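J.: Structure for the following, please:
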Amino acid sequence: MPDKFPVKTEPKNPAPAQGGFWSPFESLRTEIDRLFDEVGPSSWRPLARPLAGRTFGASTALIVSPAVDVVEKDDAFEITAEVPGLDEKNIEVKLANSILTIRGEKTEEKEKDKSYHVSERRYGSFQRSFQLPEYVDADKVSAAFAKGILKVTLPKTPNAKKNDRKIEITAG
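T.: Residues are numbered from 1 along each chain as shown. Next up is the predicted model:
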């Protein structure tokens, strides 16, 4: 006869969510938090909630890299970075030793007279660096900012295509 093992059962009525009311998505949120805790640092949770008067995850200062697109055109590279909620004065673009660095900070802007129940917005510093190829004309690099999008243009030097050639492929 097979061994019998005790079975642990969870209560059918879930505990009320923080704030004293029951939320049908609370168990899903808890499970997602648990999964993120298993695969990464517990300081980053996309659905973080306040706990004992302190918010973990969403308002904790983190170094986060902004999402970017890097596109090569005939005459230049373009790096487009999403930095929503920032002004150009909160962003720094620096070029040193063939490394382009995009750095910035989003500061927390909570109103003191409001009682926040959930705050999922991210605050803190971010940085992203790119090693530039030697055929980028560093003196002509430019940056533009509009509607939360930073666009850095990295023009190529005139002789960048000089060594380009098509290689014939043979069978065999």
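
J.: least trustworthy helix or strand in the chain by mean pLDDT?
T.: Least confident element among the helices and strands of the chain, by mean pLDDT, DSSP states H and E: strand 54-55 (a mean of 36).

J.: Residue 130 contacts residue 70, doesn't it?
T.: Yes - at 7.4 Å, residue 130 counts as touching residue 70 under the criterion of Cβ atoms under 8 Å. (Each C-beta comes from the backbone N, C-alpha and C, glycine too.)

J.: These two: which is more packed in?
T.: residue 130 (18 against 12; other Cβ atoms under 10 Å).

J.: Was I right to think residue 155 contacts residue 135?
T.: No - counting by Cβ under 8 Å, residue 135 is not a contact partner of residue 155; they are 9.9 Å apart.

J.: distance of residue 127 from residue 100?
T.: Counting by Cβ to Cβ, to the nearest Å, the separation of residue 127 from residue 100 is 11 Å.

J.: Counting neighbours, go ahead and name the busier of the two.
T.: residue 100 (21 against 14).

J.: helix, strand or coil for residue 125?
T.: Per DSSP: H, G, I helix; E, B strand; the rest coil, the secondary structure class of residue 125 is strand.

J.: okay but it is in contact with residue 107, surely?
T.: No - Residue 125 lies out of contact with residue 107 (Cβ under 8 Å); the separation is 9.9 Å.
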